[in-house]
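In: okay, here's the prediction I keep looking at, along with the sequence it came from:
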Amino acid sequence: MRIAKSRGTKIVWHGNNLLPHEIDKRGLVDRFMQSFSGLVDAFIGSSQSSVDEFVERYPRLRAAETWVIPQGNYRAFYQPPNRDTEDLRSDLGIEPHHRLGLSVGMMRKYKNQLALIEAFRTVPDANARLALVGTAPDSGYLQRLIRAAEGDSRVLIRDGYLSDQTLANWITAADFTVLPAPRSLKSGTAMLSLSFNRPVVVPHRGEFIDWADDLGPDWVQTFDGGIRHSILKEAFGRHRRSDEIAPLEKYNWDDGGRALAECFRSMMEN
């Protein structure tokens, strides 16, 4: 990259995570990232809060142009199931009086689903349900999740590939989705949930801070620290399925594409 820059190449970094989710040699990665950040000409974050966190972590980014380009919603790409929601929930093993919190996507250690199960088991609500749905590439971790849920029939673990339709079915069936990974700054799954008009429970970090400001706590409930009893108790008490539409007009790919093109033009001209 240094050779490329010496020849006039511009480097644009679109930041998603401060560090890789799963790394063995953190010191080596830290050194690389600090060095790499000094080569960046433009940095793109999905929110101002995300940009601020990256600049704090990598101070050399202060020399780069910074751009805020929100991720778009997914309403044009995913269609809600064309069937009665209660029938759909019944097929998934969810009764009408159940309130369903959903963790959807790959089951991996960094996502903190083990702590999610442990916190959920302390919620004394017979009508509450927690579903973990998605593939588990680490069979050992899957077994830890299964053992953590033993004895509590309210916890549903569904290991397997999610087709677009299955993904849409689970999100539609849920009362809210939860992202228990405390270091996450950004989530396509959380935006997908909002696109299906389902509230999200997410860390008070990155783009989620800005979402909460824009959409309010009934759509975006944030938490500091790790996932725990009080967070889930609030979530099950606050969030219910409804016909309300999440106001996501600001979050669209057309505006994002134009902003990205403008960023590249700026790099070409400078």
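Out: It's in. A quick note: this is a predicted structure, and the numbers were derived from the prediction, not measured.

In: ok, now how distant is the closest residue to I69 other than its chain neighbours from T66?
Out: Closest residue to I69 apart from its sequence neighbours, by C-beta to C-beta, 6 or more residues apart in numbering: A259 at 4.6 Å. The way it works is simple: take the backbone N, C-alpha and C, and place the C-beta from them, glycine included. Taking C-beta to C-beta, to the nearest Å as the criterion, A259 is separated from T66 by 12 Å.

In: how about the residue lying closest to G15 once chain neighbours are set aside, what does it touch?
Out: Residue nearest to G15 in three dimensions, not counting chain neighbours: F54, with 5.0 Å by C-beta to C-beta, 6+ apart. With contacts defined as C-beta atoms under 8 Å, 6 or more residues apart in numbering, F54 is in contact with 15, 18, 43, 45, 61.

In: farthest pair in these?
Out: Based on C-beta to C-beta, the longest span within those runs between L18 and F43 and measures 12.3 Å.

In: so what touches the host helix or strand of L102?
Out: Here L102 sits within strand 99-104, counting by DSSP states H and E. Counting by C-beta under 8 Å, 6+ apart, strand 99-104 makes contact with 89, 94, 111, 113, 116, 120, 125, 127-134, 162, 167, 170-171, 173-180, 189, 193, 198, 201, 232, 235-236, 239-240, all of which sit outside it.

In: which of those are buried? Put it as a ChimeraX command.
Out: To isolate the buried subset of those in ChimeraX, counting by 16 or more other C-beta atoms under 10 Å, use the following:
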select :89,94,111,113,116,120,128,129,130,131,132,133,134,162,167,170,171,173,174,175,176,177,178,179,180,189,193,198,201,232,235,236,239
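
In: quick one: which of the contacts of strand 99-104 sit in helices?
Out: 89, 113, 116, 120, 167, 170-171, 173, 189, 193, 232, 235-236 (DSSP state H).

In: and of those residues, the nearest to D152?
Out: Distances from D152 to the ones in helices among the contacts of strand 99-104, taken as C-beta to C-beta, are shortest for F120 (8.0 Å).

In: was I right to think the closest one contacts L132?
Out: No. F120 is beyond contact range of L132, at 9.9 Å (criterion: C-beta atoms under 8 Å).

In: what's the residue closest to the geometric middle of the chain?
Out: For the chain, the residue nearest the mean C-alpha position is S187 (2.5 Å; C-alpha atoms, centre = their mean).

In: what ranges does the stretch 1-150 of the chain have for its helices?
Out: Remark: helices assigned in the stretch 1-150 of the chain by DSSP state H, counting those that start in this stretch are 2-6, 26-37, 48-57, 85-91, 113-120, 139-149.

In: got a list of contacts for the fourth one?
Out: Where contact means C-beta under 8 Å, 6+ apart, the residues beyond helix 85-91 that reach it are 81, 95-96, 98, 100, 169, 172-173, 241.

In: which among the residues you listed end up buried?
Out: Of the contacts of helix 85-91, these count as buried by 16+ other C-beta under 10 Å: 81, 98, 100, 169, 172-173, 241.

In: so where is this protein shaky, pLDDT-wise?
Out: 23-26 (pLDDT under 70).

In: have a look at the protein and report its longest helix.
Out: Of all the elements of type helix in the chain, the one with the most residues (DSSP H) is helix 253-269.

In: relative to G72, how far out is S187?
Out: With the distance defined as C-beta to C-beta, S187 ends up 13 Å from G72.

In: what of P203?
Out: For P203 relative to G72 (C-beta to C-beta), the value is 21 Å.

In: repeat that for E56.
Out: Looking at E56 against G72, where the rule is C-beta to C-beta, the gap reads 26 Å.

In: quick one, which of the two is more surrounded?
Out: Taking other C-beta atoms under 10 Å, E56 and G72 do not tie; G72 has more neighbours (21 against 10).

In: quick check: closest non-adjacent residue to the more buried one.
Out: Excluding its sequence neighbours, the residue lying closest to G72 (C-beta to C-beta, 6+ apart) is W253, at 3.5 Å.

In: number of residues surrounding that neighbour?
Out: There are 15 residues near W253, going by other C-beta under 10 Å.

In: so it makes contact with Y74?
Out: No. Under the criterion of C-beta under 8 Å, W253 is not in contact with Y74, lying 9.1 Å apart.
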